[in-house]
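J.: Build the 3D model from these lines:
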Amino acid sequence: MNESHENRNENLKYVKLYNWARTLILSGVMRYGDKLPSEHMLERKFSYSRQTVRTALEVLEKEGLITRVKGSGTYVSFKTGNGSNDAPHIGLILSYFADYMFPQIYAGIESVMKEQNIGIDVAVTRNHINDEAVFLERCLNSNAAGLIVEGTRSAFPNPNIGLYESLIKKNIPVIFIHNHYSNMKFDSVEMYDAKCSHALTQLLIDNGHRNIGAVLKYDDMQGMERYRGFIDCMAEHGILIDDDRIQWYSTKDIDTIFSRKGIANMMRKFNGCTAIITYNDEVAAQLTNAFESKGIHVPQDYSIVSFDNASLTENSSLQLCSADHPKFELGKRAARNLLRMMDDSDWINSNYSYRFPVSIVSGNSIRDIH
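T.: Residues are numbered from 1 along each chain as shown. Okay, the predicted model is just below:
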């Protein structure tokens, strides 16, 4: 295979798409013969031009990772090594593979496991509980040495508790990233979501904003924690929360809320607001792009704050004020802690949790309205 693009200029748009697809293929999430999304779908997903998408696909094809079949589509042409059940490996469960998060988190985990010659078996649940159950059974049957989990629909109690108990009985350590389940005792490596949200809300209030709307996800713990930080900060300043100014959504709703009808509905919700806190930079970018198409500008008309520090907006002059997600470092921390758990016979009663300190990238998406 030709030289990796890991060291190429990350400011080049096509590199983000390239890294996303390359990681999916090399990690085995997408396997030989699987069909990639169409060029049009990739354009929509990344908000890129067709030429940018084609540039990324051309590089992937030159490296032998994909094959483009005229009139049919684009397919994975790289065959990953199958390995054996006896080879040391860990399981990695992700709820979904965000283009700006998955490659860096996976790279952090891989950098640690590669030093120990431990493979990684990856599965993506797409926030489906049944898909999580299938992979948990696979880990039980394949003698996985440990498991890193991003919880599926983590705002709710998880029904796969029997499978997790079986992992404990087989002494297979489990550590969560980003979240954890309320009905199970497992350690986790996470951002301080509530504290980050509190800090972002405080910045808005410091700049004179009191009429603040929100776009938040209700089916994962991060969304609930970010809501908690938001309302706690508002309450500390004696500012009442207006339920009508909060747009809730779930994983399956994301396309609906950014449809033409969904955007019109959000604009009605945010009428009278001067600022909006969004669940992550992906949502902030879609909202900002929708606003720009209607002549509404950030921060002149709305101030926006967000999470992840991913720089996804089409407007290159706009830098979102965002809670910095430690993507690569989070992956490394989770992997190192899992290795320590694998050497600890009493890992279930030890503490391997970690919360990253709050770090806010100030950006220029907040207007002072004093």
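
J.: Could you pull out the buried residues of stretch 150-170?
T.: Buried residues in stretch 150-170, counting neighbours by 16 or more other C-beta atoms under 10 Å, are found at Glu150, Gly151, Thr152, Arg153, Ser154, Ala155, Phe156, Asn158, Asn160, Leu163, Tyr164, Leu167. Where you see a C-beta, it was placed from the backbone N, CA and C, and this is true even at glycine.

J.: Pick out the most distant pair among those residues.
T.: Ala155 and Leu167 (22.1 Å; C-beta to C-beta).

J.: chain center to the lowest-mean-pLDDT helix or strand in the chain: distance?
T.: Each helix and strand of the chain was given a mean pLDDT (mean pLDDT, DSSP states H and E); the minimum falls on helix 39-46 at a mean of 83. Relative to the centre of its chain, helix 39-46 is centred 18 Å away, using C-alpha atoms, centre = their mean, to the nearest Å.

J.: now swap in stretch 175-192 and tell me
T.: That offset, for stretch 175-192, works out to 15 Å (C-alpha atoms, centre = their mean).

J.: and what of stretch 207-214?
T.: With C-alpha atoms, centre = their mean, you get 26 Å for stretch 207-214.

J.: ditto for stretch 143-157
T.: 15 Å.

J.: got the end-to-end distance for that stretch?
T.: 26 Å (C-alpha to C-alpha, to the nearest Å).

J.: Equivalent analysis for stretch 153-171, please.
T.: Start-to-end span of stretch 153-171 (C-alpha to C-alpha) is 25 Å.

J.: rewinding a little: pick the one among the buried residues of stretch 150-170 closest to Ile212.
T.: Ala155 (21.9 Å).

J.: Which of the buried residues of stretch 150-170 lies at the shortest distance from Glu329?
T.: Glu150 (15.9 Å).

J.: Would you confirm that that closest one contacts Ile175?
T.: No. Between Glu150 and Ile175 no contact is recorded; they are 10.7 Å apart, counting by C-beta atoms under 8 Å.

J.: Could the C-alpha coordinates of stretch 185-196 be exported in PDB?
T.: Output of stretch 185-196 as PDB, limited to C-alpha atoms (Å, rounded to 0.1, in the frame of the first residue of the first chain):
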ATOM      1  CA  LYS A 185     -21.200  -0.600  37.200                       C
ATOM      2  CA  PHE A 186     -18.300  -0.100  34.700                       C
ATOM      3  CA  ASP A 187     -15.600   2.500  34.700                       C
ATOM      4  CA  SER A 188     -15.400   5.000  31.900                       C
ATOM      5  CA  VAL A 189     -13.200   7.600  30.200                       C
ATOM      6  CA  GLU A 190     -15.200  10.700  29.300                       C
ATOM      7  CA  MET A 191     -15.300  14.400  28.800                       C
ATOM      8  CA  TYR A 192     -16.800  16.400  31.700                       C
ATOM      9  CA  ASP A 193     -19.900  17.100  29.600                       C
ATOM     10  CA  ALA A 194     -21.900  18.900  32.200                       C
ATOM     11  CA  LYS A 195     -19.000  21.100  33.200                       C
ATOM     12  CA  CYS A 196     -18.200  21.900  29.500                       C
END
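
J.: Return the set of buried residues in it.
T.: Neighbour-count burial for stretch 185-196, counted by 16+ other C-beta under 10 Å, picks out Phe186, Asp187, Ser188, Val189, Glu190, Met191, Tyr192, Asp193, Ala194, Lys195, Cys196.

J.: now the residues you listed as JSON lines including pLDDT and distance to Leu318?
T.: Shown next, in JSON lines, are the buried residues of stretch 185-196 (pLDDT from 0 to 100; distance: C-beta to C-beta, whole Å):
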{"residue": "Phe186", "pLDDT": "96", "distance to Leu318": "39"}
{"residue": "Asp187", "pLDDT": "97", "distance to Leu318": "38"}
{"residue": "Ser188", "pLDDT": "98", "distance to Leu318": "33"}
{"residue": "Val189", "pLDDT": "98", "distance to Leu318": "31"}
{"residue": "Glu190", "pLDDT": "97", "distance to Leu318": "28"}
{"residue": "Met191", "pLDDT": "96", "distance to Leu318": "23"}
{"residue": "Tyr192", "pLDDT": "97", "distance to Leu318": "26"}
{"residue": "Asp193", "pLDDT": "98", "distance to Leu318": "24"}
{"residue": "Ala194", "pLDDT": "98", "distance to Leu318": "26"}
{"residue": "Lys195", "pLDDT": "98", "distance to Leu318": "25"}
{"residue": "Cys196", "pLDDT": "98", "distance to Leu318": "20"}
